[in-house]
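Peer 1: I'll drop the sequence and a predicted model, then ask my questions.
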Amino acid sequence: MPIDITLPALSPTMESGTLAKWLVSPGDTIAAGDLLAEIETDKATMEFEAAEDGVVAELKVTAGTEDIPVGTVIAILAEDGEAMPTLGDDRAEAHAAATADESATAEQAPPPPPSAAKAIEAPRTAGAAPVDLNVDATPLAGKLAAAKGMDLNAMRGSGPGGRILWQDIVTDPTARTSQDKSSAPAKAAAGDQANGPVSDVPHDAEPLNGMRKTIARRLSESKQTVPHFYLSVTCRIDALINLRQRLNEELVPDEIKLSVNDMLIRAMAVALQRVPDANVSFGGDTLYRYHRVDIAMAVAVEGGLVTPVIRDAAAKSLAAIAAEARDLAEKAREGRLKPDDCRGGTASISNLGMYGIDAMGPIINPPQGLILGVGSSREGPWSQDGAIVSAHLLTATASFDHRAINGSTGADFLGEFRRLAEQPMLMLA
C-alpha cells in the first residue's frame, strides 16, 4: 500500500516550509533513517529523514517550492516489492488526482471566509469562465474562479507546485468586487509607500528567503505583543579570562577549548537556576515555571539566524557545554541541524562581542521570557579599593517579558549573572 510522506513540523512554531532540495529520485530504494530532502523552516535548513523502508514512487512537490503547509503530501513511498504506480502524461488525470488529494484533506484546512462562500453560492454570470481541467487548481478554487469569471490559465497559485488555492482567488486583485476595487488604489498606494523602495534611488530587489520571512514575522510579533523591558550590567571579567586560560591548558589532551561565550552560557544557566522566577514564560492566564534550564544560543548563518539549544545547561560542566556548543554551531553553519536541536529553550543568549559591539538590546523569542545580549570584552577604567585600575569589562543586557518577570526579579538574575562572571570559580562549585 502506498505511503504518503507529508511535510512534518520540524519546529514548534513551524506552520509551513520550503522544500529546498530533494536528496532522492523516483525509483530510489530507501531505508528508515535515510535522508529524503532538505527543508527550510522558520528555524533553519534541516535534513528530513525517512521514517519507513520503501521505494520512492513519486515526488509530488518540486524542489524550491515555498510556503508548503505542514501536513502536505510531498512524496509517495511504495512498500518494498510493491508495483510502482504508472504515471501517465494526461494532465486532466493528474489534476483529478491532485484535487482528490486536496479534497481528502479539506476537513483539516481552514474554512473559506464568508466572501468565498458567497462567491460559490452566487450564480455564474454570462461572462463566467469554465473550469479548465488542465489547470492545477483545487475544486473550491475552480468554483470560485468560475463564479467570478476568472481565467485560471493566467494565474500561478501559492500551493505546492504552483497549485491554485481558494485563498489565491479571494485575494487576487482581479477577483475583487466593485466595492473592493473602489478602495483598492488608496490601499495599494499606502502599501507601496510603507513597503516600497526609496524613490529615485538605484537599488536591487531581492526576494526574502523563507527563514528571513519567518524571522521578520516572529520578531515583529514579539515587539508588538510582548512588553519588553531592559536591564544592563557591566562585569569585570579578568578572573574569567584567567580561569579560561588555565582550564584550556589543562584541556589540551582532551582537544577541548573553552570560549568566553561557553563560560557565559554556564553563568547564565546557573544564574537562572538560582533565580528560578526568571526561568519562566507567559501563557495568557498561566505562568509556566520551568524545572530545567535550556539555553538557546543564537548562531548567524547565511540568510538568517538559528538558535540551537543546549539542554539542562546548569547541570553540565564547562567542558560539556563547550563541546556541545561547538558541535551545534558547526551543524548550524553546514545546514545539518535536526529538529530536536532547535526545539524548546527556556531562555536565549545572543553574543555580538566578536563584532566589536559594546552592548545590545535583543528581541525576545516567544514563548521565552528573556534573552541575554552580550557585547565585547574591552579594556577600560575600573574603581578598585579607591584607585582607578585598567580592567577587562563586558556589558550584558537582558530583555525581559514584563508580563512574566518583574523588574526586581530581572535585577536579581542579572546580579547573580554578574557575580558568576566576576567570580567564575563559583560556576564550578
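Peer 2: Received it, and whenever you're ready, just let me know what you need. Numbers count the residues shown, from 1 in each chain.

Peer 1: okay, now stretch 352-361: how far is its last residue from its first?
Peer 2: One end of stretch 352-361 to the other measures 11 Å (C-alpha to C-alpha, to the nearest Å).

Peer 1: what mean pLDDT does it have?
Peer 2: Mean pLDDT, stretch 352-361: 93.

Peer 1: so how far is it off the chain centroid?
Peer 2: Distance, stretch centre to chain centre, for stretch 352-361: 23 Å (C-alpha atoms, centre = their mean, to the nearest Å).

Peer 1: in that stretch, what's buried?
Peer 2: Buried residues in stretch 352-361, defined by neighbour count with 16 or more other C-beta atoms under 10 Å: 352-353, 359-360. C-beta: built from backbone N, CA, C; applies to glycine.

Peer 1: residue ranges of each domain in this protein, please.
Peer 2: The record's domain parsing of the chain by automatic domain parsing lists 3-87, 107-185, 213-428.

Peer 1: which parts of the stretch 151-300 of the chain are helices?
Peer 2: Using DSSP state H, counting those that start in this stretch, the helices found in the stretch 151-300 of the chain span residues 166-171, 178-195, 210-225, 238-250, 260-274.

Peer 1: quickly, which of those helices bottoms out on average pLDDT?
Peer 2: Taking the average pLDDT of each of the helices of the stretch 151-300 of the chain, the minimum falls on helix 178-195, with a mean of 45.

Peer 1: excluding chain neighbours, what is closest to Gly54?
Peer 2: Spatially, and ignoring its direct neighbours in sequence, Gly54 is nearest to Leu77 (4.1 Å; C-beta to C-beta, 6 or more residues apart in numbering).

Peer 1: how close does the one you found sit to Leu35?
Peer 2: 14 Å (C-beta to C-beta, to the nearest Å).

Peer 1: kindly report the same for Gly284.
Peer 2: Between Gly284 and Leu35 the distance is 39 Å, computed by C-beta to C-beta.

Peer 1: more crowded one of those two?
Peer 2: In this view Gly284 and Leu35 are compared by other C-beta atoms under 10 Å, and Leu35 has more residues nearby, 12 against 6.

Peer 1: dump the residue contacts of that one.
Peer 2: 23-24, 47-50 (C-beta atoms under 8 Å, 6 or more residues apart in numbering).

Peer 1: redo that, cut-off 6 Å
Peer 2: Counting by C-beta atoms under 6 Å, 6 or more residues apart in numbering, Leu35 touches 23, 47, 49.

Peer 1: show me what it bridges to in the sheet.
Peer 2: Per DSSP bridges, the residues bridged to Leu35 are Glu49.

Peer 1: what pLDDT does it get?
Peer 2: We note a pLDDT of 88 for Leu35 in this prediction.

Peer 1: ditto for the one 3 residues further on
Peer 2: What the model reports for Glu38 is a pLDDT of 86.

Peer 1: with just CA atoms, put the one helix or strand it maps to into PDB.
Peer 2: Glu38 is part of strand 35-40, with elements assigned from DSSP states H and E. Provided in PDB are the C-alpha atoms of strand 35-40 (Å, rounded to 0.1, in the frame of the first residue of the first chain):
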ATOM      1  CA  LEU A  35      17.900  11.400   4.100                       C
ATOM      2  CA  LEU A  36      15.000  12.400   1.800                       C
ATOM      3  CA  ALA A  37      15.200  16.200   1.400                       C
ATOM      4  CA  GLU A  38      16.400  19.500   2.800                       C
ATOM      5  CA  ILE A  39      13.600  21.500   4.300                       C
ATOM      6  CA  GLU A  40      13.900  25.200   5.100                       C
END
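
Peer 1: which positions in that strand come out as buried?
Peer 2: For strand 35-40, a neighbour-count test (16+ other C-beta under 10 Å) marks 36-40 as buried.

Peer 1: can you read off the pLDDT for the residue of the chain most remote from its centre?
Peer 2: The outermost residue of the chain relative to its centre, with distances by C-alpha atoms, centre = their mean, is Gly386 at 49.6 Å. With respect to pLDDT, Gly386 scores 91.

Peer 1: let me see the backbone angles for it.
Peer 2: Main-chain torsions, Gly386, degrees, to the nearest 10: phi 80, psi 0.

Peer 1: for Met155, same thing?
Peer 2: The phi/psi pair for Met155 (degrees, to the nearest 10) reads phi -110, psi 150.

Peer 1: returning to what we had before: list the contacts of the helix or strand that contains the residue nearest to Gly54.
Peer 2: Counting by DSSP H and E, the element that carries Leu77 is strand 73-78. With contact meaning C-beta under 6 Å, 6+ apart, strand 73-78 is reached by 2-7, 54-55, 57-61, 84.

Peer 1: what angle separates that strand from strand 35-40?
Peer 2: Using axes from the mean of the first three to the mean of the last three C-alpha atoms, to 10 degrees, the direction of strand 73-78 lies 180 degrees away from that of strand 35-40.

Peer 1: where does pLDDT dip in this structure?
Peer 2: Applying pLDDT under 70 to the chain picks out residues 1, 11-13, 42-44, 80-134, 139-140, 144, 147-148, 158-161, 166-167, 170-194.

Peer 1: can I get the buried residues of strand 35-40 in JSON lines with distance to Ala205?
Peer 2: Formatted as JSON lines, the buried residues of strand 35-40 follow (distance: C-beta to C-beta, whole Å):
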{"residue": "Leu36", "distance to Ala205": "33"}
{"residue": "Ala37", "distance to Ala205": "28"}
{"residue": "Glu38", "distance to Ala205": "26"}
{"residue": "Ile39", "distance to Ala205": "26"}
{"residue": "Glu40", "distance to Ala205": "20"}
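
Peer 1: ok, Thr6 - how many residues close by?
Peer 2: Thr6 is flanked by 14 other residues according to other C-beta under 10 Å.

Peer 1: and for Glu250?
Peer 2: Using other C-beta under 10 Å, the number of residues around Glu250 comes to 10.

Peer 1: what sits closest to Gly415 if chain neighbours are left out?
Peer 2: Val233 (7.3 Å).

Peer 1: would you check how far apart the one you found and Leu240 are?
Peer 2: According to C-beta to C-beta, Val233 and Leu240 sit 14 Å apart.

Peer 1: so for the two, which sits in the more crowded spot?
Peer 2: Ranked by neighbour count (other C-beta under 10 Å), Val233 and Leu240 place Leu240 first, with 24 against 18.

Peer 1: ok, the more buried one - contacts?
Peer 2: 263, 421, 424.
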